[in-house]
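**Student:** My questions concern the predicted model and sequence given below.
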Amino acid sequence: MDERIAIAGSGAIACGLAAVATRVGDVRLLARSDESAQRARATVARHAEKLGEAMGPGAVHVTTDAGDLADATVLVEAVAEDLAAKAGVLGTLGRVAGAATLIATTTSSLSVGALGVSTGAPERFFGLHVFNPVPRMELVELAFGPQAAPSTRERAVALCEALGKTPVVVPDTPGFVVNRLLFPYLFSAVALLHESGMSVADVDRCMTLGTGHPMGPLALLDFIGLDIAAAIGSEIGHPAPPALRTLVAEGALGRKSGRGFYTY
């Protein structure tokens, strides 16, 4: 596949996607500071160790200079699920993009059409909602704004297939399909936890053993990040329950902070 991929971001999604993208060649990863660049290199190295030959023949080159992304044919924004933050990064990507370069966002809940305006090239913009952990999760939700060109749609599907993923085109609606259906379920588990007096482990045990889910709803919320979950809930019109918002206010954000519904 004749695409050169560059990713703006240094978190879990960005690093996981960068590792997977080595299947189509060398990848550039833009970090905002030397410190975040160092963390990103370590994260990508861990992915490389786990993936082995499956990582692909390419390499991930981490940079803090947006100009280093100028020769990419696909630019992907993969920063925090915050409208202002994403719009700012997308504006930068729009300025360094070539005339035929595709620009994508990994948003899981925000309007793809609205974000596309930030790039200055909405006809070449699409939503690339990958799932964490990116190397293991097969699905990609592809969403397009009203101005996306047919060639953008075709190249986006081909890109996902080259990455070894299964693309499903979904409507550009808050939360797309997975999060729109998933988060009401997750939040109802939080409400049940406090209504019933059950333990966190027992609520999760019911869902893993009773429905075959690989992870219980409360463990999954911790994995996602409680702050991210609250933000997604707001976007899809299903606010997080008070107990979850209290944890966020305390700085208990799940696995990444060492405490959420569980202690890590």
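**Tutor:** On my side now, so go ahead.

**Student:** Hmm, Asp222 is touching Ser257, no?
**Tutor:** No. Between Asp222 and Ser257 there is no contact under Cβ atoms under 8 Å: 9.4 Å. C-beta: built from backbone N, CA, C; applies to glycine.

**Student:** Of the two, which one has the most company?
**Tutor:** Taking other Cβ atoms under 10 Å, Asp222 and Ser257 do not tie; Asp222 has more neighbours (26 against 17).

**Student:** What lies in contact with the host helix or strand of the more buried one?
**Tutor:** For Asp222, the host element (DSSP states H and E) is helix 217-224. Here helix 217-224 makes contact (Cβ atoms under 8 Å, 6 or more residues apart in numbering) with 132, 185-186, 189-190, 193, 200, 203-204, 207, 215, 229, 244, 254-255, 260-262, 264.

**Student:** Buried residues, it. List them.
**Tutor:** Buried residues in helix 217-224, counted by 16 or more other Cβ atoms under 10 Å: Pro217, Leu218, Ala219, Leu220, Leu221, Asp222, Phe223, Ile224.

**Student:** Among those, which one lies nearest to Ile103?
**Tutor:** Ile103 lies nearest to Ile224 out of these, by Cβ to Cβ, at 25.2 Å.

**Student:** That closest one and Phe187: what is the separation?
**Tutor:** Ile224 is 12 Å from Phe187, where distance means Cβ to Cβ, to the nearest Å.

**Student:** for Ala48, same thing?
**Tutor:** Separation of Ala48 from Phe187 (Cβ to Cβ): 36 Å.

**Student:** who's more crowded, the two?
**Tutor:** Phe187 (21 against 16).

**Student:** Would you mind giving both backbone torsions of the more buried one?
**Tutor:** phi -70, psi -30 (degrees, to the nearest 10).

**Student:** just checking, it touches Leu244?
**Tutor:** Yes. Using Cβ under 8 Å, Phe187 is in contact with Leu244, at 7.1 Å.

**Student:** Looking at the buried residues of helix 217-224, which is nearest Glu154?
**Tutor:** The closest of the buried residues of helix 217-224, once distances to Glu154 are taken by Cβ to Cβ, is Ile224, at 31.4 Å.

**Student:** can you list the domains in the protein?
**Tutor:** 5-169, 178-257 (automatic domain parsing).

**Student:** Comparing those domains, which comes out most buried?
**Tutor:** Most buried of the domains of the chain by mean neighbour count (mean count of other Cβ atoms under 10 Å) is domain 5-169; its value is a mean of 19.

**Student:** Show the end-to-end separation of it, please.
**Tutor:** 21 Å (Cα to Cα, to the nearest Å).

**Student:** Give me the distance from it to the chain's centre.
**Tutor:** Remark: domain 5-169 is offset 9 Å from the chain centroid, using Cα atoms, centre = their mean, to the nearest Å.

**Student:** Average pLDDT for that domain, rounded please.
**Tutor:** Mean per-residue pLDDT for domain 5-169: 96.

**Student:** Out of the contacts of helix 217-224, which sit inside strands?
**Tutor:** Among the contacts of helix 217-224, no residue falls in strands (DSSP state E).

**Student:** Which of these fall in helices?
**Tutor:** If you go by DSSP state H, these have Tyr185, Leu186, Ala189, Val190, Leu193, Val200, Val203, Asp204, Met207, Ala229, Leu244 in helices.

**Student:** any idea which of these is the one closest to Glu77?
**Tutor:** Nearest to Glu77 out of those is Ala229 (Cβ to Cβ; 20.5 Å).

**Student:** Distance of the closest one relative to Thr152?
**Tutor:** 30 Å.

**Student:** Same question for Ala240.
**Tutor:** 34 Å.

**Student:** Repeat that for His194.
**Tutor:** In this view, His194 and Thr152 are 45 Å apart by Cβ to Cβ.

**Student:** how about the residue lying closest to Leu192 once chain neighbours are set aside, what does it touch?
**Tutor:** Among residues not flanking Leu192 along the chain, Val203 sits closest, at 6.5 Å (Cβ to Cβ, 6 or more residues apart in numbering). By Cβ under 8 Å, 6+ apart, the contact set of Val203 is Ala189, Leu192, Leu193, Ser196, Gly216, Pro217, Leu218.
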